[in-house]
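J.: could you work out the structure for the sequence below:
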Amino acid sequence: MDSGVGIGIDTGGTYTDAVIYDFAERKILGASKALTTRQDLSVGILEALDKLPPELLKSARIMALSTTLATNACIEGKGGRARLVFLGGDRKVINESGGKYGLPPAEDMYIQESYTKFSGAIEQEPDWELFNNAVASQFNHLDGAGIVEIYAIKNNAVLEKKAKELFQRIHKIPVVCGHELFSDLNCLQRASGALLNAGLFPVIQEFLLAIKKSMTERDIKAAVVIVRSDGTLMSEEFAALRPVETLLCGPAASIAGGTWLSKAVNCVVIDMGGTTTDMALVKNSVPVKAAEGISVGKWRTFVQGFSIKTFGLGGDSAVHYDETKVFLEDYRVLPLCVAGAMYPSVITGLQNLVDSQTPHDKYLHEHYLLIRDIKDGERYTDREKRFCDALQQGPRILRDAAEAAGTDIYNLQVSRLVKEGVVQICGLTPTDIMHIRGDFSAYSVEAARLGAEYTAFNLGISVEELCDRVYDEVRRKIYLNVVKILLEHQDKYYMKNGVDREAEWLILQSYESAKRGHRDMPVSTAFTTDYTLVGIGAPIRIFLADVAKLLGTQAIVPEHYEVANALGAVVGNIYVSYPVTIHPNYGPGGIENYTVFGFTGNQVFTKPEDAELFAAEEAKAGARAEALKRGAHGEITVTCDFDRKDVQAKSGSVYMGTTVTGYATGSVQGI
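T.: Next up is the predicted model:
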């Protein structure tokens, strides 16, 4: 990308950001922000684009996209309805171990015997008539499906391919096989990625349709690419089929943009958005990559990407409370200040609630807002449709919403509507506290204050003390996760097992001690670091300096920090790796031959040099093909390297195999 200008767009759960970037001058020519409009994403995208110079928009040669929509769906447990076909799956193993990867219980997926051996050999064909009948009856009213066969990687995925062909004859929903996404052997982790991919189909489809609509309305004819979870780019067609590749595309773009803006060599990049906060370690100016595939929320996948810690903390995190303390939920709600600015009835409802002086253990100040109509949706109940119909004229406060659903506040069951993005909860958030304190004032301060007054009333404290507690909770969560990501990088035990609850408790004790300057304690539990904290994302400027001080380091909030994610999208490129393995086959006298599990198929060789030559060609061919799929055009540079694995035994060194990895680098169309 050495000439012309490009557009970078990032659609997050709260804001949509846009930049115009000059590739030759390597500088931002314009930047903008707008609220993300969940009812119609194109409205927020158009608002952001319209704040940029119109003559530059039409001359752009590329539009690079990133989004946290997939990330947020995982963290909040949302997304489309999806189901998994698991050929050869073991129900006992799935129920005992599948949850570690995010998989549901075995009874929630379709499992059928595949009659394959560990070698990949197929003893007999599955019962395809049984398969067809099950697919016809068990996969209705879904948004997507995934298909995995236990040993597909060993037999060129013959059964997965046939199952997909049969599935598509019966249903017209998107379906992707595990082998199309990953080439790793662990069937549970492949299954996790395939099922997650299926659930993300509607999330990414909605985003891409909104982008296309916006481009058409503003006569923008640029090539469209999307950031992958490793910061590289892929075509929109590729992303539509493999939305799981966008799992951390928003965070990856943020990390790339933050690294580019700050020029920090060793740092922790912290991107705090409206829904989630993403953290990544940068060492010697390069973001650290995940060793065994990325994890988000409950999901463990083989998706390659930066090692990013994503957790539920943002300007729109729900502020809740019990009898004595304030805490922040992992999910977002629409801030009361935003809802109040859009719907005056919210302010009226809050004022009436405050005037009533009615304490309650339910969050009576929260409202329900309709995001999309479901009156023609077959999969929703009459009660759910009746509830949504009552919200047509605007949001309703909890009591009124329950009454509209024909129930009371104790029996209101609308979690499915919230999970699927049909209804949005409006509640108290850190963004509301920012309005009360004057740190941010774009929306209704009155609605924010009324919500805070009712919350403080229930806790028996002042609004000022409530504000202090909410800000402290934000700083506490940032501090905890900065220390966790540093420990998991530094210590092999934590790198492998993660930071457990006991260690978390110690870190939180350190936070409280650091606030007191580690004084008046028998023993200090201080955590310090030389790594700079780099802050990006709109809310981070309020909290980062305090957290850095507690950790004995410095904070950098660079220029254009609030649109670093959109910048990170447009400065990316296409970079692909494709692994091919050489497996030695031992007999009584030692190694008899070598099997290469290649891109076009598997082959057996008697000479190791022949196996290596074939493996190298297969790895490079696989990398080139993958680069083309992702949208690479023009000259594609292809290389490969060898990683031989030997282990020590009593008799000496034993050869265990070689991984040959092909690498392909190319530019996107138009640049």
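J.: OK, contacts around the residue nearest the centre of the chain?
T.: Central residue of the chain (Cα atoms, centre = their mean): Thr71, 2.0 Å from the mean position. Contacts for Thr71 (Cβ atoms under 8 Å, 6 or more residues apart in numbering) come out as Leu247, Leu248, Gly250, Pro251, Thr276, Asp278, Val296, Thr310. Where you see a C-beta, it was placed from the backbone N, CA and C, and this is true even at glycine.
J.: now find how far off-centre the helix or strand hosting it is within its chain.
T.: Assessed by DSSP states H and E, Thr71 sits inside helix 69-76. For helix 69-76, the separation from the chain centroid amounts to 5 Å (computed by Cα atoms, centre = their mean, to the nearest Å).
J.: if I pick Leu65, what's in contact with it?
T.: Counting by Cβ under 8 Å, 6+ apart, the residues that Leu65 touches are Gly8, Ile9, Asp10, Thr11, Phe207, Ile211, Val224, Val225, Ile226, Val227, Glu236, Ala569.
J.: for stretch 109-118, measure first residue to last.
T.: End-to-end distance for stretch 109-118, by Cα to Cα, to the nearest Å: 22 Å.
J.: give the buried residues for it.
T.: Neighbour counts over stretch 109-118 (16 or more other Cβ atoms under 10 Å) mark Met109, Tyr110, Ile111, Gln112, Ser114, Thr116 as buried.
J.: what's the answer for stretch 631-644, then?
T.: Applying a neighbour-count criterion of 16+ other Cβ under 10 Å, one finds Gly631, Ala632, His633, Ile636, Val638, Cys640 buried in stretch 631-644.
J.: average pLDDT across that stretch?
T.: Mean pLDDT, stretch 631-644: 83.
J.: and the strands in the stretch 251-400 of the chain?
T.: For the stretch 251-400 of the chain, the strands defined by DSSP state E, counting those that start in this stretch cover 267-272, 277-283, 286-287, 295-296, 299-300, 308-311, 317-321, 326-332, 334-335, 367-370, 396-397.
J.: just checking: what are the partner strands of the third one?
T.: Each strand paired with strand 286-287, and its direction, by DSSP bridges: strand 277-283 (antiparallel).
J.: tilt between the strand it pairs with and strand 317-321?
T.: On the basis of axes from the mean of the first three to the mean of the last three Cα atoms, to 10 degrees, strand 277-283 is oriented at 120 degrees to strand 317-321.
J.: what comes up buried for the helix or strand where Pro202 lies?
T.: Here Pro202, judged by DSSP H and E, is contained in helix 187-217. In terms of neighbour count (16+ other Cβ under 10 Å), helix 187-217 has its buried residues at 187-208, 210-211, 213-215.
J.: one more: stretch 295-308?
T.: Those would be 295-297, 299-308, for stretch 295-308 by 16+ other Cβ under 10 Å.
J.: likewise for stretch 274-290?
T.: Judged by neighbour count using 16+ other Cβ under 10 Å, the buried positions of stretch 274-290 are Gly274, Thr275, Thr276, Thr277, Asp278, Met279, Ala280, Leu281, Val282, Pro287, Val288, Ala290.
J.: show the pLDDT at the last one.
T.: You'll see Ala290 listed with a pLDDT of 78.
J.: same question, the fifth one
T.: Confidence at Asp278, expressed as pLDDT, is 88.
J.: residues in contact with it?
T.: Thr71, Leu248, Gly250, Pro251, Ser254, Ile255, Ile270, Asp271, Ile308, Lys309, Thr310.
J.: which residues touch the residue nearest to it when sequence neighbours are not counted?
T.: Of all residues not flanking Asp278 in the chain, Pro251 sits nearest, at 3.6 Å (Cβ to Cβ, 6 or more residues apart in numbering). Pro251 is in contact with Thr68, Thr71, Ser229, Asp271, Thr276, Asp278, Ala280, Phe306, Ile308, Thr310, counting by Cβ under 8 Å, 6+ apart.
J.: verify the contact between Leu550 and Val482 for me.
T.: No: Leu550 is beyond contact range of Val482, at 9.5 Å (criterion: Cβ atoms under 8 Å).
J.: ok, Gly77 - contacts?
T.: Applying Cβ under 8 Å, 6+ apart, we find Gly77 in contact with Gly297, Lys419.
J.: ok, now Gly44?
T.: Shown in contact with Gly44 (Cβ under 8 Å, 6+ apart): Thr11, Tyr15, Thr16, Ala34, Leu35, Thr36, Thr37.
J.: so it sits in a helix?
T.: Yes: under DSSP: H, G, I helix; E, B strand; the rest coil, Gly44 falls within a helix.
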